[in-house]
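Student: Pasting the sequence and the predicted coordinates here, then a few questions.
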Amino acid sequence: MLMSTVNQAYVFLATVYTGMIVGFIYDFNRVIRRIFKPRPWVVGVMDLLFWLIVAGIVFVALLYANDGEVRFYNFIGLAMGWSLYLLTISAWVIKALSLMYRTIEKGLKGVIKFVSWPFRALLNFFNKINGKIKA
């Protein structure tokens, strides 16, 4: 099927945007690895999941933008989008994702401390009573 130049430009931009989305998912994966330092077999599973998710996203993007037709400029667009993302906002996204993790972690620790306070108070009370009974 013969495509117009405008349609080809649309498809190319769609693949560039998709490449940027792939870059974000890659950074998300990198932040998870930095934070949790998973074992090698978990890294393998994470890599497999990454590539399955990326393949699904690229498939859906090409299906909607180009009726599923794969052309050479699609790969160039994906590579350009990923490269643009990595060269421009990747460092900021990694910092933001890390900050979000630390904020959520602190919030959860605060909630756990607040919820467990009565139980810790009871445990301390029983430990004091137990200490007096033994003495």
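Tutor: Here it is on my side, so go on. Since this is a predicted model, take the numbers as computed values, not measurements.

Student: does the nearest residue to Ile32 once chain neighbours are set aside sit in a helix, a strand or a coil?
Tutor: Closest residue to Ile32 apart from its sequence neighbours, by C-beta to C-beta, 6 or more residues apart in numbering: Met46 at 7.2 Å. In this view, the C-beta of every residue, glycine as well, is placed from N, C-alpha and C. Of the three states, Met46 takes helix according to DSSP: H, G, I helix; E, B strand; the rest coil.

Student: What pLDDT is listed against Met46?
Tutor: On pLDDT, Met46 comes in at 96.

Student: quick one: least confident helix or strand in the protein?
Tutor: Sorting the helices and strands of the chain by mean pLDDT, DSSP states H and E puts helix 90-134 at the bottom, at a mean of 90.

Student: and that helix, what other elements does it pack with?
Tutor: Counting contacts by 3 or more C-beta pairs under 8 Å, 6 or more residues apart in numbering; DSSP states H and E, helix 90-134 packs against helix 5-36.

Student: Tell me how many other residues surround Asp47.
Tutor: Other residues lying near Asp47 total 12 when counted by other C-beta atoms under 10 Å.

Student: how much space between it and Arg30?
Tutor: 12 Å (C-beta to C-beta, to the nearest Å).

Student: And for the spatially most central residue of the chain, nearest residue in space, chain neighbours not counted?
Tutor: In the chain, the centroid-proximal residue (C-alpha atoms, centre = their mean) is Phe28; its distance is 2.9 Å. Residue nearest to Phe28 in three dimensions, not counting chain neighbours: Leu97, with 6.4 Å by C-beta to C-beta, 6+ apart.

Student: residues in contact with that neighbour?
Tutor: Counting by C-beta atoms under 8 Å, 6 or more residues apart in numbering, Leu97 touches 27-28, 31.

Student: any idea which of those residues is the one closest to Arg39?
Tutor: Using C-beta to C-beta, the shortest approach to Arg39 within these belongs to Val31, at 17.5 Å.

Student: Next, count neighbours for that closest one.
Tutor: The number of residues packed near Val31 is 18, by other C-beta under 10 Å.

Student: Also Ala65?
Tutor: 20.

Student: Likewise for the one 4 residues further on?
Tutor: Counted with other C-beta under 10 Å, residues neighbouring Glu69 total 12.
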